[in-house]
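Visitor: the following comprises the amino acid sequence and a computationally predicted model.
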Amino acid sequence: MSAKPPVHIAISGAAGQICYALLFRIACGDLLGPDQPVRLQLLDLEQALPAVWGVVMELEDCAFPLLEGVDVTADPHVAFADIDAAFLVGSRPRSKGMERRDLLAANAAIFRTQGQALDRAAKREARVLVVGNPANTNAWVLAEHAPGFARDNITSMIRLDHNRAASQLATQANVNVGEIERLAVWGNHSPTMYADWTNAVVGGEPLPRLIGDPDWCTDTLIPQVAQRGTAIIEARGASSAASAANAALDHMRDWLLGSDGRWVSMGLSSTGEYDIPEGLMCGVPAICSPGSVERVSGLRLDDFQHMMIQRSVAELVQERDAVSLLLKEQSVSSA
Ligand code: NAD
Ligand code: LMR
């Protein structure tokens with residue numbers, strides 16, 4: 001057994017389907033490697049706790065040597081106490097008859113409370129990934145309510161779109177997906193995201209040249225990645241779970257351990273570059289070294305790239321503004 005102290009990881013939405021794939025992979029070492037013990041601090045709604053205890057029984061039954069313990073709670077302050085990392089997966093799904101405004105309002109309230117709890121309970125250097133949709137805007141709300149946190153320690157997930165694009169590109173170019181570098185996914189985790197192959201290479205060879213058809217990205221790749229979540233929901237009757245858990249793991253592993261010089265796509269608080277409004281939580285290309293993120297900056301964007309990025313940015317600005325208003329209304333009505 002390793003002598004290392006455990007890394008404390010909070011995970012919300014623990015009774016849900018993504019966590020049913022995620023928890024076991026973290027506990028077996030897929031996140032931090034084969035000699036790093038972990039302690040899981042699981043959060044869900046009070047009414048979901050019996051189901052979480054069922055998952056805990058299964059975790060116990062796996063006899064994972066790296067799993068030093070599991071805590072279960074419905075209180076975010078308890079879940080976030082002294083954590084090193086958090087996966088915020090739980091959020092309010094859209095139910096029948098629910099308007100988009102109601103969905104934004106429900107999630108704004110959840111992520112405001114969780115931001116305040118993070119600020120009070122977590123270690124300052126904890127790394128936080130928001131997966132629950134609308135992921136970018138939820139992460140923005142979280143960051144706004146955790147002022148004691150460095151803004152770069154709160155991120156949102158666009159890695160699933162990145163992995164989807166990489167996989168489609170590899171098939172089209174007939175190469176191994178692991179060989180693809182310098183792929184970027186920009187914007188919102190929504191159908192407006194922009195899968196950008198402009199700089200992508202395989203073994204130094206530009207990927208657009210390898211694929212040969214200059215229109216393939218616009219005509220096929222972008223719509224396929226944009227519609228992939230919906231296609232999975234239609235086929236499975238439920239949204240992506242194992243691939244979402246895998247993307248969350250990829251995102252956090254690269255962030256904590258480094259991406260080895262490779263580009264990854266992450267929802268990061270904008271520095272204002274590329275005409276993305278400062279502070280907006282937006283998918284951009286980045287390179288990670290252990291524990292830190294460096295944005296890929298200084299790229300020259302052509303008109304098409306700029307237009308595609310701005311289309312998604314406009315949607316993010318709209319979501320952010322709608323949520324700001326809702327949060328103000330909520331605080332007036334609770335005053
Ligand atoms: P699910 O409905 O199976 O599980 C959600 C869980 O969250 C439930 O157990 C629920 O009780 C819990 N929950 C709800 N409100 C909570 C709160 N305030 N605090 C703690 N827990 C809470 O959903 P799922 O399939 O696991 O998906 C979870 C989220 O991830 C959804 O919002 C989904 O749209 C999103 N998602 C994001 C991506 C991405 O790429 N960013 C990909 C797939 C799914
Ligand atoms: C996905 O991209 O698979 C999900 O975000 C879809 C969804 O709406 O949950």
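Guide: Perfect, thanks for sending it. Ligands and ions are numbered 1, 2, ... in the order given.
Visitor: what's the longest strand in the chain?
Guide: The residue-count maximum for a strand in the chain (DSSP state E) belongs to strand 281-289.
Visitor: format the CA atom coordinates belonging to the helix or strand just after it as PDB.
Guide: Using DSSP states H and E, the helix or strand that follows strand 281-289 in sequence is strand 292-295. Provided in PDB are the C-alpha atoms of strand 292-295 (Å, rounded to 0.1, in the frame of the first residue of the first chain):
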ATOM      1  CA  SER A 292      -1.800  24.600 -14.000                       C
ATOM      2  CA  VAL A 293      -3.300  25.600 -17.300                       C
ATOM      3  CA  GLU A 294      -1.800  27.800 -20.000                       C
ATOM      4  CA  ARG A 295      -4.100  29.100 -22.700                       C
END
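Visitor: tell me the strands beside strand 292-295, with direction?
Guide: Strand 292-295 sits in its sheet next to strand 281-289 (antiparallel), going by DSSP bridges.
Visitor: just how off-centre is the strand it pairs with within its chain?
Guide: What separates the centre of strand 281-289 from the centre of its chain is 11 Å, taken as Cα atoms, centre = their mean, to the nearest Å.
Visitor: next, see if that strand gets close to ligand 1.
Guide: No: judged by Cβ under 6 Å from any ligand atom, strand 281-289 and ligand 1 are separated, with a smallest distance of 10.1 Å. Where you see a C-beta, it was placed from the backbone N, CA and C, and this is true even at glycine.
Visitor: what residues sit buried inside that strand?
Guide: For strand 281-289, burial by neighbour count (16 or more other Cβ atoms under 10 Å) applies to Met281, Cys282, Gly283, Val284, Pro285, Ala286, Ile287, Cys288.
Visitor: Lys4 falls within a helix, correct?
Guide: No: Lys4: not assigned to a helix; according to DSSP: H, G, I helix; E, B strand; the rest coil it is coil.
Visitor: quick one: contacts for it?
Guide: Asp35, Gln36, Pro37 (Cβ atoms under 8 Å, 6 or more residues apart in numbering).
Visitor: the last one against Val7, yeah?
Guide: Yes: in terms of Cβ atoms under 8 Å, Pro37 counts as a neighbour of Val7; the distance is 7.3 Å.
Visitor: nearest to ligand 1: which residue in this structure?
Guide: Ligand 1 sits closest to Gly16 of the chain, with a gap of 2.0 Å, by Cβ to the nearest ligand atom.
Visitor: in contact with the residue lying closest to Ser240 once chain neighbours are set aside, which residues?
Guide: Once flanking residues are discounted, Ser240 sits nearest to Ile232: 4.7 Å by Cβ to Cβ, 6 or more residues apart in numbering. Residues near Ile232 by Cβ under 8 Å, 6+ apart: Ser239, Ser240, Ser243.
Visitor: may I see the buried residues of stretch 214-234?
Guide: Across stretch 214-234, burial judged by 16+ other Cβ under 10 Å covers Trp216, Cys217, Leu221, Ile222, Val225, Ala226, Arg228, Gly229, Ile232.
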